[in-house]
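# Sequence first, predicted coordinates after that:
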Amino acid sequence: MTTVYAIINWLLIFGYWLLIAGVTLRVLMKRRAVPSAMAWLLVIYILPLVGIITYLLFGELNLGKRRAERAKAMWPSTAKWMQDLKQYQRIFATENSEVARSLFQLCEHRQGMGGLKGNKLQLLTSADDAMKALIKDIGLAQKSIEMVFYIWQSGGLVDQVAEALMAAARRGVHCRMMLDAAGSVAFFKSPYPAIMRTAGVEVVQSLNVSVLRVFLRRMDLRQHRKMVLIDNYISYTGSMNMVDPRYFKQDAGVGQWIDLMARMEGPVASAMGIIYSCDWEIETGQRLQPPPPDVNIMPFEQASGHTIQVIASGPGFPEGVIHQALLTAIYSAHQQLIMTTPYLVPSDDLLHAICTAAQRGIDVHIVVPRDNDSLLVGWASRAFFAELLEAGVHIHQFEDGLLHTKSVLVDGQLSLVGTVNLDMRSLWLNFEITLVIDDDDFGSDLARVQEDYIARSRVIDPKVWAARPYWQRIVERLFYFFSPLL
């Protein structure tokens, strides 16, 4: 018996180290950033069994076999949609400002479609303004309403949006709504999905979380887009989830969430419609046919029209394109760079680009919330402050709630707004969307919003930060270790 136990023990040890070797080889063979690979290897070797399980759960971009097959199968039709859209040459911009030219060229080459001109664009800086405008647009909808959100939480004005959507469905408007299963878990546990489906609204649960499938699909891969499309003409996107800040996470101790949404009229809705159709097909298997734009209703075709490029990321979309867009925008700056983000855990490339901008004389400002709803991200963010401050970056801590707006403004001309946080999850994992706007009038509007954020913030004094307690530095470095995985 002793010999049998010895053999079993030896086989278990051999199998264990074989598993370690196999996972190590898998980490090394995946083309990923060196800090991320090193972080995973350290986790695997320091916490062997836990590390292996964690890597199998979260270490690779695994959409799941069925969704991956759908994503692959949809691209021929998606490419045809984009080619068909290109026939409407009148809606595409042929010129860009100097600061925006490189970024628009990147997007056109990587995504196969240029910037769209002739759009009316409005910044909505409060949840009340955004939802009241949306309720009005829903009430006037004639053909279709399509929505995708990470979080939908009932309460306050959100209930009025839901009522307006159900009323539209009852009068014959085709209404589709896709919500992330994890972000909107409270909604799907409520009576609302059944009520809305009864009214005629198609409600789809995106990326369902299932314990039985944890090793078959990465569970923290999320549908993080926030989009509304109405009649292939009106569109919304930005950082705002479908929540009323007065009723959302009131016990989190971070204050009300502060967001920004863009409301658009014009051809940009067609580009966003292609993205929505791809997401819908990946999740449901149902192929939608985005209608062509009505070129006769370009609201601002001449000088006052806004040129907008839409960037989509996530499985099935060009890899790393938003990361490349951010790098291109930062390196295009000649005078000033202002960035707002709730979660600041940049890649090494982004950190280097931001520091380099400040070191070459660019006036660089980053606005982040003082209090964060994520303990891990909050501490990890602070690990980057010292290097940024040393380079000459001005860091402002917003003190009037949780600043959730994701925005970049370059030289007052080039703007990026959308759903992308400056962290690895947004840059490399989730389904995200960003608008790129080449327009100094819109840049002036965004600058005023950012200036208001800065006025409600406290700038970090580099000398005071350098004198912070040693224990804080230890905690920062501990969480910095996990930054490639956040």
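Perfect, thanks for sending it.

# any idea how far Gln289 is from Tyr5?
For Gln289, the distance to Tyr5 (CB to CB, to the nearest Å) stands at 65 Å. C-betas here are computed from N, CA, C, even on glycine.

# again, but for Gln160
For Gln160 relative to Tyr5 (CB to CB), the value is 69 Å.

# can you check Glu202 too?
Counting by CB to CB - Glu202 and Tyr5 are separated by 59 Å.

# the more surrounded of the two?
Glu202 (16 against 9; other CB atoms under 10 Å).

# The more buried one bridge partners, please.
Arg176 (DSSP bridges).

# From here on, call the first residue 49.
Got it, the first residue is 49 from now on, which makes the last one we talked about Glu250.

# residues contacting it?
Counting by CB atoms under 8 Å, 6 or more residues apart in numbering, Glu250 makes contact with Cys223, Arg224, Met225.

# and these as CSV, adding distance to Ala181, pLDDT and neighbour count?
Listed next are these as CSV, based on distance: CB to CB, whole Å; pLDDT from 0 to 100; neighbours: other CB atoms under 10 Å:
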residue, distance to Ala181, pLDDT, neighbour count
Cys223, 18, 97, 23
Arg224, 20, 96, 20
Met225, 18, 97, 23
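
# where does the stretch 199-348 of the chain dip in pLDDT?
With pLDDT under 70 as the threshold, the stretch 199-348 of the chain has low-confidence stretches at 258-268, 339-348.

# where exactly do the strands run in it?
For the stretch 199-348 of the chain, the strands defined by DSSP state E, counting those that start in this stretch cover 222-228, 250-254, 275-278, 282-286, 305-306, 309-313.

# I'd like those strands laid out as a markdown table, including distance to Ile61.
Shown next, in a markdown table, are the strands of the stretch 199-348 of the chain (distance: least, CB to CB, whole Å):
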| stretch | distance to Ile61 |
| --- | --- |
| strand 222-228 | 42 |
| strand 250-254 | 43 |
| strand 275-278 | 52 |
| strand 282-286 | 53 |
| strand 305-306 | 51 |
| strand 309-313 | 57 |
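
# Give the burial count for Asp509, as a bare number.
With other CB under 10 Å as criterion, Asp509 counts 11.

# what does Phe490 give?
Other residues lying near Phe490 total 24 when counted by other CB under 10 Å.

# same deal with Arg311?
20.

# which phi and psi does the closest residue to it other than its chain neighbours have?
Excluding its sequence neighbours, the residue lying closest to Arg311 (CB to CB, 6 or more residues apart in numbering) is Gln170, at 4.6 Å. When read as degrees, to the nearest 10, the backbone of Gln170 gives phi -130, psi 130.

# try the one 4 residues further on
Dihedral angles phi and psi of Ser174 (degrees, to the nearest 10) take the values phi -140, psi 150.

# and what of the one 10 residues further on?
The phi and psi torsions at Lys184 (degrees, to the nearest 10) take the values phi -60, psi -50.

# Pull the number of nearby residues for it.
Lys184 has 10 nearby residues by other CB under 10 Å.

# any idea how far it lies from Ala317?
Per CB to CB, Lys184 is found 17 Å from Ala317.

# What of Leu67?
The gap separating Leu67 from Ala317 is 50 Å, by CB to CB.

# related to what we said a few turns ago, mind pulling up the pLDDT for the residue nearest to Arg311?
Among the per-residue scores, Gln170 holds a pLDDT of 94.

# One more: Ile481?
Here, the pLDDT recorded for Ile481 equals 95.

# cool, and Pro517?
Residue-level pLDDT assigned to Pro517 equals 89.

# Which phi and psi values does it adopt?
Here is the backbone geometry of Pro517 (degrees, to the nearest 10): phi -60, psi 150.

# Would you check that the residue nearest to Arg311 makes contact with Met309?
No - between Gln170 and Met309 there is no contact under CB atoms under 8 Å: 9.1 Å.

# more neighbours, those two?
Using other CB under 10 Å as the criterion, Gln170 and Met309 rank with Met309 on top: 24 against 15.

# bridging residues for that one?
Bridge pairing for Met309 - DSSP bridges - gives Leu172, Gly286.

# How far off centre is stretch 465-477?
Put simply, stretch 465-477 sits 4 Å off its chain's centre (CA atoms, centre = their mean, to the nearest Å).
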